[in-house]
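Peer 1: Sequence first, predicted model second:
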Amino acid sequence: MKVLTLNTHSWLESQPLEKLQHLADHIMKEDYALIALQEVNQRIDSLPTISTHNFHPTEDQLPIHEDNFAHLLVLLLKEQDCHYHWSWTYNHIGYSTYHEGVALLSKQPIQPQAFVISEEKDPSDYRRRVLLIGQTKLGDKNITALSCHYSWWSETGGFAYEWKQTETALQDHISPLLIMGDFNNPASAKQTGHALVLNSSLHLQDSFLLADETTGEHTVEKAIDGWGENQEKLRIDYIFTSKTLSVSSYQIVFDGKTTPVISDHFGVSAIIQ
């Protein structure tokens, strides 16, 4: 089954509606079973939507607005008879303008849970981070899927703290894990976040290292928001899985090669079994 993760950068991109359409077209073509999206924004001052399609709310759900990026994506897909169940949770205020959050889209129904993992609990503070945990299915297999957007290793109360909270949040989940998102920790930094995940009590594996076939590697190739001084190619967006799952293919998408660039991050696609 195909899965995808992408930090969308949503409304902060130039020509965002065109890029939203590119994303929808790619999803329809590849027929992903499960999708994790980060930096899924809606304007603070936009209007709540009257209705949503196949939306599954978390407890204490922040209202979905008309311009919510995931909401509009699901509607575009619906217009082409491509139906996804979805959920979205709010992390923090972004750029003084947006409710910034993370989303999960699944071909099958989702039972979602929002779990605050940061030391910072004030939703107006960019350091507040929330996991979106969804109980769903990948084909006929029960799975616990996550969309994540973590802090940097160097941030006070940053990734190390947030990862420990992630382990706490998932310690009682018995179905296989599929943890996808923007980890803000390069795989090349062997002694920091990437190593912490691979050595975790959750017994995870990196789909890039596991895949039978790989196309591309890095998800950031220049200075971007949060990496303003970067001059290197970085792999900071990941698909981690439980060791009970296998990965036959790993591919970088939206990198300007076979698919257009639509964000300041490239996406990661994998075939999971």
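Peer 2: Noted; the coordinates are in hand.

Peer 1: Name the spans of this structure whose pLDDT lies under the cut-off.
Peer 2: 155-156, 189-191, 222-231 (pLDDT under 70).

Peer 1: which residues of it fall in helices?
Peer 2: 16-30, 69-79, 159-170, 193-198, 207-210 (DSSP state H).

Peer 1: Can you name the residues in contact with the second one?
Peer 2: Counting contacts by CB atoms under 8 Å, 6 or more residues apart in numbering, the residues outside helix 69-79 that touch it are 8, 10-11, 20-21, 23-24, 27-28, 37, 40-42, 49, 52-55, 64-65, 83-84, 86, 88, 103, 105. (Each C-beta comes from the backbone N, C-alpha and C, glycine too.)

Peer 1: cool, the fourth one as well?
Peer 2: The set of residues external to helix 193-198 that reach it, using CB under 8 Å, 6+ apart, is 150, 153, 159-160, 163, 183-187, 204-206, 238, 240.

Peer 1: List only buried entries from those.
Peer 2: Among the contacts of helix 193-198, those buried by neighbour count (16 or more other CB atoms under 10 Å) are 150, 153, 159, 163, 183-187, 204-206, 238, 240.

Peer 1: Strands - which of the residues you listed land there?
Peer 2: Counting by DSSP state E, the part of the buried ones among the contacts of helix 193-198 found in strands is 204, 205, 206, 238, 240.

Peer 1: need the contact list for the third one.
Peer 2: Listed by CB under 8 Å, 6+ apart, the contact set of residue 206 reads 187, 194, 197, 198, 238, 239, 240.

Peer 1: farthest residue from the center of this protein?
Peer 2: residue 50 (25.5 Å; CA atoms, centre = their mean).

Peer 1: Need the phi and psi values for that residue.
Peer 2: Main-chain torsions, residue 50, degrees, to the nearest 10: phi -80, psi -40.

Peer 1: Kindly report the same for residue 107.
Peer 2: The phi/psi pair for residue 107 (degrees, to the nearest 10) is phi -70, psi -20.

Peer 1: so what's it closest to, chain neighbours aside?
Peer 2: residue 33 (5.2 Å; CB to CB, 6 or more residues apart in numbering).

Peer 1: try residue 35
Peer 2: In space, residue 35 is closest to residue 105, 4.1 Å off (CB to CB, 6+ apart).

Peer 1: pretty sure the one you found contacts residue 33?
Peer 2: No - in this structure residue 105 lies outside contact range of residue 33 using CB atoms under 8 Å: 9.6 Å.

Peer 1: out of the two, which sits in the more crowded spot?
Peer 2: Neighbours were tallied for residue 105 and for residue 33 using other CB atoms under 10 Å; the higher tally belongs to residue 105 (27 against 22).

Peer 1: and that one, what does it touch?
Peer 2: Taking CB under 8 Å, 6+ apart, we find residue 105 in contact with 32, 34, 35, 37, 70, 73, 74, 84, 85, 86.

Peer 1: Restricted to strands, list these.
Peer 2: 34, 35, 37, 85, 86.

Peer 1: list the contacts for the first one?
Peer 2: In other words, residue 34. 1, 3, 4, 104, 105, 106, 107, 136, 138, 143, 145, 178.

Peer 1: bridging residues for the nearest residue to it once chain neighbours are set aside?
Peer 2: Of all residues not flanking residue 34 in the chain, residue 3 sits nearest, at 4.6 Å (CB to CB, 6+ apart). Residue 3 has these beta-bridge partners by DSSP bridges: residue 34, residue 270.

Peer 1: For residue 3, the count of nearby residues, please.
Peer 2: Residue 3, neighbours per other CB under 10 Å, totals 25.
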